[in-house]
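J.: Here is the input, now give the coordinates:
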Amino acid sequence: MITKYRYVLQLIDPFGISRITRTEEERIYVTLDGAWGEAAPVSYYGEDEFTVRAAFEALEAADLGDLDLIEDVMARADAIVPQNRAAKAALDMLLHDRLGKRLGIPLWKLFGRSPQRPLVTSFTIGIDSFDAMLEKTERAANFDILKIKLGRDVEHDIKVMREIRRRVGERKTLRVDANAGWTLNQARRIVPVLADLGVEYIEQPLPMGALEELAQLKNECPLPIFLDEDIHTSRDIPRVAHAADGVNIKLMKAGGLAEARRMVAVARACGLQVMLGCMIESSLGITAAAHLAPTVDYIDLDAHLLIANDPFTGVQTRANGELVLPSLPGLGVSLREGFLEHFEDVENTPMLRIDPGGASAGA
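T.: Numbers count the residues shown, from 1 in each chain. All right, here's what the predicted structure looks like:
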């Protein structure tokens with residue numbers, strides 16, 4: 001029987017992207033046989049705490065077979081719950097953690113790839129006022145790579161990027177993520193500025209699904225373009241290969257490590273580069289993704305550094321953003337002492353969602 005808990009992550013600073021600013025995130029944690037998984041659902045993709053709980057009810061009611069055969073289990077899970085990848089990501093993490101513990105090795109060894117270079121994550125500066133973004137940048141001065149969130153106001157974007165580059169100097173690596181916030185004309189305006197500022201690449205400059213316009217931008221753009229919102233599973237990659245230089249793989253959109261590994265292989269076959277990203281996740285979800293870091297080109301696994309009440313310990317992050325993979329078996333994560341008492345056992349919590357009009361609805 002899988003035990004499920006609800007917990008609210010509190011962010012150190014308000015975290016803004018092009019479409020929303022958040023101060024906290026509800027998460028579902030699952031555990032079985034001492035192994036753990038995390039579901040970080042995102043409403044933008046039609047998922048929340050209630051869809052995760054409903055998905056686990058469906059999964060637990062089915063016969064998933066031998067839990068050591070993770071590919072088989074996840075194929076059955078896909079058939080039972082075609083969507084809700086955050087729930088499946090939690091199940092997949094739990095199964096990988098369980099198997100790694102049973103075998104006595106960390107997942108990166110199970111996957112057969114050791115780090116051949118420093119695994120350095122970017123640190124994200126969320127959208128905020130001009131002064132607040134500069135203040136956050138100063139606090140992050142020790143990180144080698146900064147990822148700047150843009151996409152609400154192109155004038156603000158240009159102004160803040162110019163000032164950030166001036167303040168951090170030429171040696172600091174800067175990346176930009178518009179989170180689908182620009183039109184084609186806006187992107188055409190800002191991209192030359194970003195290129196002049198030495199930005200390494202831009203992520204999801206145009207709205208999700210705007211592949212024809214994206215292909216036009218790619219032909220004109222002096223910077224590599226990576227796609228995030230357009231990419232969920234391996235099936236999405238071939239259709240965007242003509243319009244991008246790389247893809248951002250996230251466990252919560254992929255449905256877990258098994259599919260994420262498949263996505264890396266498909267992206268390579270399509271001639272695309274790969275970055276590894278995350279939602280707002282604790283050290284549990286971040287550590288799970290970090291085991292794939294030796295297989296990718298760019299790493300954006302910093303969400304655990306943005307959280308004030310992270311309930312887990314896992315992958316170590318050095319002052320400059322370098323990740324140190326765990327040597328403990330499985331995921332290599334541990335629940336912090338005293339945090340279990342702050343977890344809410346969802347088995348005893350009714351699944352009632354309150355809509356904006358005030359009516360209750362089942363998940």
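J.: use CA for all of it now, contacts and neighbours both
T.: OK.
J.: From L325, how far out is the closest residue to V333 other than its chain neighbours?
T.: Spatial nearest neighbour of V333, excluding adjacent residues (CA to CA, 6 or more residues apart in numbering): G314 at 4.3 Å. Distance of G314 to L325, given as CA to CA, to the nearest Å: 8 Å.
J.: Touching both of those two, which residues are there?
T.: The overlap between the contact sets of G314 and L325 (CA atoms under 8 Å, 6 or more residues apart in numbering) consists of T287.
J.: number of nearby residues for G181?
T.: By other CA atoms under 10 Å, 22 other residues sit near G181.
J.: Helix, strand, or coil at it?
T.: Classification of G181 by DSSP: H, G, I helix; E, B strand; the rest coil places it in coil.
J.: Quick check: closest non-adjacent residue to it.
T.: Per CA to CA, 6+ apart, closest to G181 is G151, 4.2 Å.
J.: what's in contact with stretch 284-300?
T.: Under CA under 8 Å, 6+ apart, the answer for stretch 284-300 is 36-38, 93, 107-108, 113-116, 119-123, 250-251, 257, 261, 264, 273-278, 301-304, 312-315, 323, 325, 331-333.
J.: buried stuff in that stretch?
T.: 284-296, 298-300 (16 or more other CA atoms under 10 Å).
J.: Just those residues: which are in helices?
T.: L284, G285, I286, T287, A288, A289, A290 (DSSP state H).
J.: Can you name the residues that contact the closest residue to R85 other than its chain neighbours?
T.: Closest residue to R85 apart from its sequence neighbours, by CA to CA, 6+ apart: G255 at 4.2 Å. By CA under 8 Å, 6+ apart, G255 lies in contact with N84, R85, A86, A87, K88, A89, A90, D92, T233.
J.: tell me the least confident of those residues?
T.: Minimum pLDDT across those is recorded for N84, with 93.
J.: how near is that residue to L301?
T.: N84 is 22 Å from L301, by CA to CA.
J.: Next, E25: phi, psi?
T.: The phi/psi pair for E25 (degrees, to the nearest 10) reads phi -140, psi 130.
J.: what's around it, how many residues?
T.: If you count neighbours by other CA under 10 Å, E25 ends up with 18.
J.: Equivalent analysis for D157, please.
T.: Residues near D157, counting by other CA under 10 Å: 20.
J.: And the contacts of whatever helix or strand E138 lives in?
T.: Taking DSSP states H and E as the definition, E138 sits inside helix 130-139. Residues from elsewhere that reach helix 130-139, judged by CA under 8 Å, 6+ apart: I125, G126, I127, H156, V160, E163, I164.
J.: Would you check that the residue nearest to G181 makes contact with A180?
T.: Yes: between G151 and A180 there is a contact at 7.1 Å, judged by CA atoms under 8 Å.
J.: what sits in contact with each of the two?
T.: By CA under 8 Å, 6+ apart, the residues touching both G151 and A180 are S18, P205.
J.: what about V346, distance to F50?
T.: 10 Å.
J.: With pLDDT and neighbour count as new columns, can the contacts of helix 130-139 be given to me in CSV?
T.: Below are the contacts of helix 130-139 laid out as CSV (pLDDT from 0 to 100; neighbours: other CA atoms under 10 Å):
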residue, pLDDT, neighbour count
I125, 97, 25
G126, 96, 22
I127, 96, 25
H156, 97, 15
V160, 98, 20
E163, 98, 13
I164, 98, 20
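J.: Okay, and which of those map to helices?
T.: Filtering the contacts of helix 130-139 for helices - DSSP H - leaves H156, V160, E163, I164.
J.: Pretty sure Y44 sits in a strand.
T.: No: looking at Y44 with three-state DSSP, it is helix, so not inside a strand.
J.: Can you report how many residues neighbour it?
T.: 10.
J.: now the strands: where do they sit in the stretch 101-250 of the chain?
T.: Along the stretch 101-250 of the chain, counting by DSSP state E, counting those that start in this stretch, strands occupy 119-120, 123-125, 145-149, 173-177, 202-203, 225-227, 246-249.
J.: Let me know the average pLDDT across stretch 290-310.
T.: The predicted confidence, averaged over stretch 290-310, sits at 98.
J.: Straight-line length of that stretch, end to end?
T.: 17 Å.
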